[in-house]
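Peer 1: Generate coordinates for the sequence data below:
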Amino acid sequence: MSKNIWIPCLVFLLIFTVLFSLTLGKYEINLREIFAFLSASAGFGTMDEEKYALFSNILLDIRLPRIIAAALIGSALSVSGAAFQAMFINPLVSPALLGVLAGASFGAALGMIVSSSWFAVQAGAFVCGFLAVLIAVGIARLYRGDRLLMLILGGIISGALFTSLLSIVKYVADPYNQLPAIVYWLMGGLSLADGKTVLYVSVPICTGILCLLLFSRYLNILSMGDDEAKSLGINVTRIRMVLIFFATLISALTVVIGGLIGWVGLIIPHVARMLVGPDNRILMPVAALIGAIYLIVVDDVARMLFTVEIPLGIVTSLMGIPFFILVLKNARKGWA
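Peer 2: Sure, this is the predicted structure:
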């Protein structure tokens, strides 16, 4: 099967997944009714006003924002994970490598205890996610030696710092009101995703994903090693910082929408790599599409499997652990 055929196939599968997910919920709506609603919305058909208002509320105000949020988070984490794996020439790294997810989690938790505003939580997650990466980069610049290794160690230190700060926030939080909200948020989920938030973050997320896709050629060069990249006339430090900026941007924004959702940025790039190989020009868009489809399906499972909704982060972790074991098994074979 040609590698290029995967992209249109996955686009078709994504559209089908979105339409099918719109039918899932406590109030049953089939595909025929969805198409009738869409036709009425476009002016090509008619529908009872009361039924139209009901469908508009269920589909446009409740289900569609959640589906779009899942697609954005899945794509963002998958693309940033693929970018980090190529940049650091390591198949076992993820968007959490430089501490962005730990920093964003701390920022969200801090926002919950200092303010009752939902915007404060989102702003705290975004700002602290970037701050964590800046600290990691700053630590790496303090020492001479292998820049790549220093950056990884800086990320470990930054992640540990913000994880400790998060523990302090949880310790001082109100155990009856604030602490349960923080714990639930850290489990990840899309129950609080609304159209307004999704609309605001969709533009920077899509822009960040597009920029990473445009830099995919440079990712191929960086994956050969710094010496080879420099011999080709590439400013390795500048390109890597640009890539880290956009990967951090979209990773932090995923926490703004749905809290801490792990493993997606680790396992989806490997699935894409098994399908189309290591060429990032094809790998990156394929990873974005698979990530979107994957997280929409996982979210469907999380909200439909039981009578109560399972936090999305728990489901992605349970599905990611067995795959990570397989990755570790093959890690000795090297980068391919």
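Peer 1: Tell me which other helices or strands the helix or strand hosting A136 touches.
Peer 2: According to DSSP states H and E, A136 maps onto helix 118-142. Counting by 3 or more C-beta pairs under 8 Å, 6 or more residues apart in numbering; DSSP states H and E, the packing neighbours recorded for helix 118-142 are helix 100-114, helix 147-172, helix 236-258. Quick note: C-beta positions are derived from backbone N, CA and C, even for glycine.
Peer 1: Can you mark which positions in it are buried?
Peer 2: Using 16 or more other C-beta atoms under 10 Å as the burial criterion, the residues of helix 118-142 that qualify are 120-133, 135-137, 139-140.
Peer 1: could you give the angle of it to helix 147-172?
Peer 2: Compare the direction of helix 118-142 with that of helix 147-172 by axes from the mean of the first three to the mean of the last three C-alpha atoms, to 10 degrees and you get 140 degrees.
Peer 1: residues in contact with helix 118-142?
Peer 2: Residues from elsewhere that reach helix 118-142, judged by C-beta atoms under 8 Å, 6 or more residues apart in numbering: 98-112, 114-115, 147, 150-151, 153-155, 157-159, 161-162, 185, 192, 197, 241, 244, 248-249, 251-253, 255-256.
Peer 1: of those, buried ones?
Peer 2: Among the contacts of helix 118-142, the ones that count as buried (16+ other C-beta under 10 Å) are 98-112, 150-151, 153-155, 158-159, 161-162, 185, 197, 244, 248-249, 251-253, 255-256.
Peer 1: So P180 versus D174, what's the distance?
Peer 2: Here P180 is placed at a distance of 9 Å from D174 (C-beta to C-beta, to the nearest Å).
Peer 1: Same check on T197?
Peer 2: Taking C-beta to C-beta as the measure, T197 and D174 are separated by 25 Å.
Peer 1: Check L283 too.
Peer 2: Spatial separation of L283 from D174 under the definition C-beta to C-beta is 46 Å.
Peer 1: Quick check, central residue of the chain?
Peer 2: L77 (3.0 Å; C-alpha atoms, centre = their mean).
Peer 1: ok, now which ones touch that residue?
Peer 2: Under the criterion of C-beta under 8 Å, 6+ apart, the contact list for L77 reads 95, 250-251, 254, 261, 264-265, 268, 291, 295.
Peer 1: try 7 Å this time
Peer 2: Residues counted as contacts of L77 (C-beta atoms under 7 Å, 6 or more residues apart in numbering) are 95, 251, 254, 261, 264-265, 291.
Peer 1: List only buried entries from these.
Peer 2: Among those, those that count as buried by neighbour count (16+ other C-beta under 10 Å) are 95, 251, 254, 261, 264-265, 291.
Peer 1: okay, those in a markdown table with secondary structure, pLDDT and distance to A83 next?
Peer 2: Listed next are the buried ones among the contacts of L77 as a markdown table, based on DSSP: H, G, I helix; E, B strand; the rest coil; pLDDT from 0 to 100; distance: C-beta to C-beta, whole Å:
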| residue | secondary structure | pLDDT | distance to A83 |
| --- | --- | --- | --- |
| P95 | helix | 88 | 9 |
| S251 | helix | 94 | 10 |
| T254 | helix | 94 | 14 |
| I261 | coil | 92 | 17 |
| V264 | helix | 94 | 14 |
| G265 | helix | 93 | 9 |
| G291 | helix | 96 | 12 |
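Peer 1: Let's have the residues you listed in TSV, adding distance to L14.
Peer 2: Shown next, in TSV, are the buried ones among the contacts of L77 (distance: C-beta to C-beta, whole Å):
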residue	distance to L14
P95	21
S251	21
T254	18
I261	18
V264	15
G265	18
G291	10
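Peer 1: From these, pick the one nearest A42.
Peer 2: For the buried ones among the contacts of L77, the minimum distance to A42 (C-beta to C-beta) is 29.6 Å, reached by G291.
Peer 1: pretty sure that closest one is touching G74, no?
Peer 2: Yes - under the criterion of C-beta atoms under 7 Å, G291 is in contact with G74, at a separation of 3.7 Å.
Peer 1: Going by neighbour count, list what's buried in the host helix or strand of P8.
Peer 2: Here P8, judged by DSSP H and E, is contained in helix 6-22. Going by neighbour count (16+ other C-beta under 10 Å), the buried part of helix 6-22 is 6, 10, 14, 17-18, 21-22.
Peer 1: Okay then, goodbye and thanks.
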